[in-house]
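> task: produce atomic coordinates for the following.
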Amino acid sequence: MRSLIWKAPVILLLGVFLFSSCATTDLKGSPEEKNELARKKFREALQFGSLNQRNEMMKALKESIELNPNDANSHFFLGREYLLGRDIDKAESELLKSFELNNKLRDTPRLLAQIYIRKQDWNKAIHYFNEDLSRPGTQEPQQVYNWLALSYYNLGNRDQAEIEWKKALDIKDNAAIRLNLALAYRDGSKFGLAKDSLEKAVKLRPRFSQAHFELAELFLRENKKQKAKEHFKNVILYSPSSEFAMRSKEYLIRISQKN
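Numbers count the residues shown, from 1 in each chain. Down below sits the predicted model:
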């Protein structure tokens, strides 16, 4: 499958919290005292995060978990930090622990789904994206449907992928999702539907060079050389240094040689 649009996730640090002092971790004391110290360490961690002091943040989160291993929030934030640092296995472990302790935390399913995308474990990605969508107040649901569709597509379930992309488009028309749907149609030999979707994509985003390229190939398949040439030229105009532009030049040379 060629150049489907995933859109890299942006993970934002939520909340700014103040703390008064940096307490040293002490495992002695009553459970209540340790829990209070764990909460203080958690607040410190969030403050370090707001200052972009990532190492200090992770140290404070680990100390919070050492004091109270059953705090879902500390596991969540530590897992998210591991994910930002591309330590996928540790991120998975912490986020699964957080989900086990409190499966109501808003963002945990989406982060787990993103981990399983990176691991190419499409069934688990689908499970957690569906969990995300089943909750009220899903953020950017159109993007989640796009990720869900791509997961189904990579699993080989093209029909369900098409259904999920259509759900995304029901929210709002989008050129990148139109391209993804078109490539799915094309790979399923639904060439007419693919062309219609690509034409809508370039109407939404006239300088969308990949959509122009895919559309040009479909016109060439129908032997509509003039239409194909127009779109190949648009690719070169809008993205002159891209791989699509290089291939478009090759196509134009071949077309001119056959005339």
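
> the residue nearest to N35 when sequence neighbours are not counted: how many residues sit nearby?
Sequence neighbours aside, N68 is the residue nearest to N35 in space, at 5.3 Å (criterion: C-beta to C-beta, 6 or more residues apart in numbering). C-beta: built from backbone N, CA, C; applies to glycine. Each residue near N68 was counted by other C-beta atoms under 10 Å, and the total is 18.

> and N55, by the same measure?
By the measure other C-beta under 10 Å, the count of residues near N55 is 9.

> try F213
Neighbours around F213, by other C-beta under 10 Å: 26.

> give the contact list for it.
F213 makes contacts with 231-232, 235, 244, 247-248, as judged by C-beta atoms under 8 Å, 6 or more residues apart in numbering.

> gap between the residue nearest to N35 and E33?
The spacing between N68 and E33, counted by C-beta to C-beta, to the nearest Å, is 11 Å.

> got the contact list for Q139?
Q139 makes contact with no residue, according to C-beta under 8 Å, 6+ apart.

> which intervals of the stretch 101-250 of the chain have sub-threshold pLDDT?
Within the stretch 101-250 of the chain, no range satisfies pLDDT under 70.

> and the helices in it?
Taking DSSP state H, counting those that start in this stretch as the test, the helices found in the stretch 101-250 of the chain are 108-118, 122-133, 141-155, 158-171, 175-187, 191-204, 209-221, 225-238, 243-258.

> now render the ones you listed as TSV, adding distance to Q53.
As requested, the helices of the stretch 101-250 of the chain are arranged in TSV below (distance: least, C-beta to C-beta, whole Å):
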stretch	distance to Q53
helix 108-118	21
helix 122-133	30
helix 141-155	30
helix 158-171	37
helix 175-187	35
helix 191-204	42
helix 209-221	40
helix 225-238	42
helix 243-258	40
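
> who wins for proximity to E44 among those?
helix 108-118 (22.1 Å; C-beta to C-beta).

> show me what the closest one is packed against.
helix 72-84, helix 88-101, helix 122-133, helix 141-155 (3 or more C-beta pairs under 8 Å, 6 or more residues apart in numbering; DSSP states H and E).

> ok, and what's touching the last one?
In this structure, residues lying in contact with helix 141-155 by C-beta under 8 Å, 6+ apart are 1, 4-7, 110, 113-114, 117, 120, 122-123, 125-126, 129-130, 132-133, 138, 158, 160-165, 167-168, 171-172, 174, 176-177, 180, 184.

> spell out which residues make up each domain of this protein.
Listed by automatic domain parsing, the domain ranges of the chain are 26-104, 106-172.

> could the ones you listed be laid out in a markdown table, adding distance to R207?
Below are those laid out as a markdown table (distance: least, C-beta to C-beta, whole Å):
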| stretch | distance to R207 |
| --- | --- |
| domain 26-104 | 32 |
| domain 106-172 | 19 |
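
> now the contacts of helix 141-155: which count as buried?
By neighbour count, with 16 or more other C-beta atoms under 10 Å, the contacts of helix 141-155 hold 4, 110, 113-114, 117, 122, 125-126, 129, 132-133, 138, 158, 160-162, 164-165, 167-168, 174, 176-177, 180, 184 as buried.

> may I have stretch 63-78 as CSV, with CA atoms only?
The C-alpha trace of stretch 63-78 is given here as CSV (Å, rounded to 0.1, in the frame of the first residue of the first chain):
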residue,chain,number,x,y,z
GLU,A,63,9.3,7.9,43.1
SER,A,64,5.5,8.4,43.2
ILE,A,65,4.9,4.9,42.0
GLU,A,66,7.5,3.5,44.4
LEU,A,67,5.5,5.1,47.2
ASN,A,68,2.1,4.1,45.8
PRO,A,69,2.2,1.5,43.1
ASN,A,70,-1.6,1.7,42.7
ASP,A,71,-1.8,5.3,41.5
ALA,A,72,-3.1,5.1,37.9
ASN,A,73,-2.3,8.7,37.1
SER,A,74,1.5,8.2,37.8
HIS,A,75,1.6,5.1,35.7
PHE,A,76,-0.3,7.0,32.9
PHE,A,77,2.1,10.0,32.9
LEU,A,78,5.2,7.8,33.1
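
> since that was my last question, I'll sign off now.
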